[in-house]
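Pasting a predicted model and its sequence here:
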Amino acid sequence: MKRLSITIWRASLLFSICGFHSALAAEEPMRHSFFITGPSFTGIIAEDDSEDWNSGKAGARDGYILPNGHALIAWSDEVKEITRDHDVVFHYAKSADNKELGTVQRLENGNTLITELGAKPRLLEVASDGSIVLEVPLQPETDNAHMQTRMARKLANGNYLVPHLLAFKVKEYSPDGTVVKQFATDLPDLGGRAAENWPFTAIRLANGHTLVNLTHGNKTVEMDADGKVVWKISNDDFPDLKPFADPCGGQRLPNGNTVIASYGSQGEIKVFEVTEDKKIVWKYTGPHCAHEIQILTTNGKPIEGTPLK
């Protein structure tokens, strides 16, 4: 009986110790390293919020850290893929027909997706040698070049998802330029046009829904395949913090959380992460606002898979 009691006591002690360490692990603060394109800095921020790598040119619009470690970056006048030593391995310059560039995405076929804004708004697939292999005319419903479109992305079905700010629509284009589907962002339950819900970032999720950052309207919504809002988050959910300030870039993480870049922030919070039940679990309060963002690591562990951004 005495040996049994000792065995039970040891087991209880071991359980308590394991539980204590599990609690410590659960309470470990969230830390991210991330890549941002922004007005004052384009590069990588480390988990301690220090500047880990600087591209050397601020003011970028869009970008990715690629699996090879290079940075693929779109500025208003050019797109570059550069190594960490700043060697240029891919370059595309804006055509004379248009005023600015807005999007960059490296595709599975090796091409690079780029949008040009201006008199001939178009989406391009550019080969590694800089030649244009596909051109898709866009329908932004405005001549205001800067407001024609932002974060266009190629979908798994071969179509292209393109947010058009002043059209108050996210449009899905086939490769021949046909609009096969569109989602309105000036819905009555979102405040109509008066709310200025300009779609900036549109991300197609694995469940077929589309996550949209509505800049100027200061909200993020998730829409189902029919364009119905199934999830919405805004400053109304955080009346004291008010973290939304022209949300531009965003990312849906593998854990289901959503990262939102408040490009127009004049306060403490520049980027923040929220759970599905609308709890802020991480925020970046450093000096740099972000136009677009890519979370790279969480507490030292790399984010797996293709980033949903």
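Received, thanks.

mind checking the longest strand of this protein?
Taking DSSP state E as the criterion, the chain has its longest strand at strand 98-106.

That strand: partners in the sheet, and parallel or antiparallel?
strand 112-118 (antiparallel) (DSSP bridges).

then the strand it pairs with to PDB, C-alphas only?
Taking C-alpha atoms only, strand 112-118 is exported to PDB below (Å, rounded to 0.1, in the frame of the first residue of the first chain):
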ATOM      1  CA  THR A 112       5.200  36.800 -62.500                       C
ATOM      2  CA  LEU A 113       1.800  38.400 -62.200                       C
ATOM      3  CA  ILE A 114       1.800  42.200 -62.500                       C
ATOM      4  CA  THR A 115      -0.900  44.800 -62.800                       C
ATOM      5  CA  GLU A 116      -0.500  48.100 -64.700                       C
ATOM      6  CA  LEU A 117      -2.800  51.000 -64.000                       C
ATOM      7  CA  GLY A 118      -3.600  53.900 -66.200                       C
END
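
contacts for stretch 191-207?
The contact list for stretch 191-207, computed with Cβ atoms under 8 Å, 6 or more residues apart in numbering, reads 147, 150-151, 153, 155-156, 161-166, 168-170, 183, 185-186, 190, 210-217, 219, 222, 247-252, 292, 308-309. For every residue, glycine as well, the C-beta is placed using N, CA and C.

Show which residues not belonging to the longest strand of the chain make contact with it.
Under the criterion Cβ under 8 Å, 6+ apart, residues 61-64, 66, 72-79, 81, 94, 112-123, 145-146, 148-154 lie in contact with strand 98-106.

ok, now how distant is residue 181 from residue 193?
Distance of residue 181 to residue 193, given as Cβ to Cβ, to the nearest Å: 21 Å.

no no, residue 51
According to Cβ to Cβ, residue 51 stands 40 Å off from residue 193.

Tell me the secondary structure of the spatially most central residue of the chain, please.
The chain has residue 250 as the residue nearest its centroid, 2.9 Å off, counting by Cα atoms, centre = their mean. Look at residue 250: counting by DSSP: H, G, I helix; E, B strand; the rest coil, its state is strand.

Report the contact partners of it.
Applying Cβ under 8 Å, 6+ apart to residue 250 gives the contacts 201, 203, 211, 213, 220, 258, 259, 260, 261, 293, 309.

Tell me how many other residues crowd residue 139.
18 (other Cβ atoms under 10 Å).

I figured it hits residue 178, correct?
No. Look at residue 139 against residue 178 with Cβ atoms under 8 Å: they stay out of range, at 10.0 Å.

So in this structure, where's the weakest helix or strand by average pLDDT?
helix 2-26 (a mean of 42; mean pLDDT, DSSP states H and E).

contacting residues around the residue nearest to residue 30 when sequence neighbours are not counted?
Leaving aside its sequence neighbours, residue 30 sits nearest to residue 282 (Cβ to Cβ, 6 or more residues apart in numbering; 4.1 Å). Residue 282 sits next to 30, 31, 32, 272, 273 when contact means Cβ under 8 Å, 6+ apart.

Could you check how far residue 282 is from residue 141?
From residue 282 across to residue 141, the span is 36 Å (Cβ to Cβ).

all strands for the stretch 101-250 of the chain, in order.
Residue ranges of the strands in the stretch 101-250 of the chain, as given by DSSP state E, counting those that start in this stretch, are 112-118, 122-126, 132-137, 153-154, 160-164, 169-173, 179-184, 198-204, 210-215, 219-223, 229-234, 247-252.

for those, which one sits closest to residue 303?
strand 247-252 (8.9 Å; Cβ to Cβ).

between the closest one and strand 210-215, what angle do the directions make?
Computed with axes from the mean of the first three to the mean of the last three Cα atoms, to 10 degrees, the direction of strand 247-252 lies at 160 degrees from that of strand 210-215.

Pairing partners for the helix or strand following strand 247-252, with directions?
Per DSSP states H and E, the first helix or strand lying C-terminal to strand 247-252 is strand 258-262. Strand 258-262 pairs in its sheet with strand 247-252 (antiparallel), strand 271-274 (antiparallel), by DSSP bridges.

got TSV for these, with mean pLDDT too?
Formatted as TSV, those follow (pLDDT from 0 to 100):
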stretch	mean pLDDT
strand 247-252	98
strand 271-274	98
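
any chance of those strands in CSV, plus distance to residue 229?
Shown next, in CSV, are the strands paired with strand 258-262 (distance: least, Cβ to Cβ, whole Å):
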stretch, distance to residue 229
strand 247-252, 16
strand 271-274, 16
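
and of those strands, who's closest to residue 302?
Smallest distance to residue 302 across the strands paired with strand 258-262 (Cβ to Cβ): 14.2 Å, for strand 247-252.
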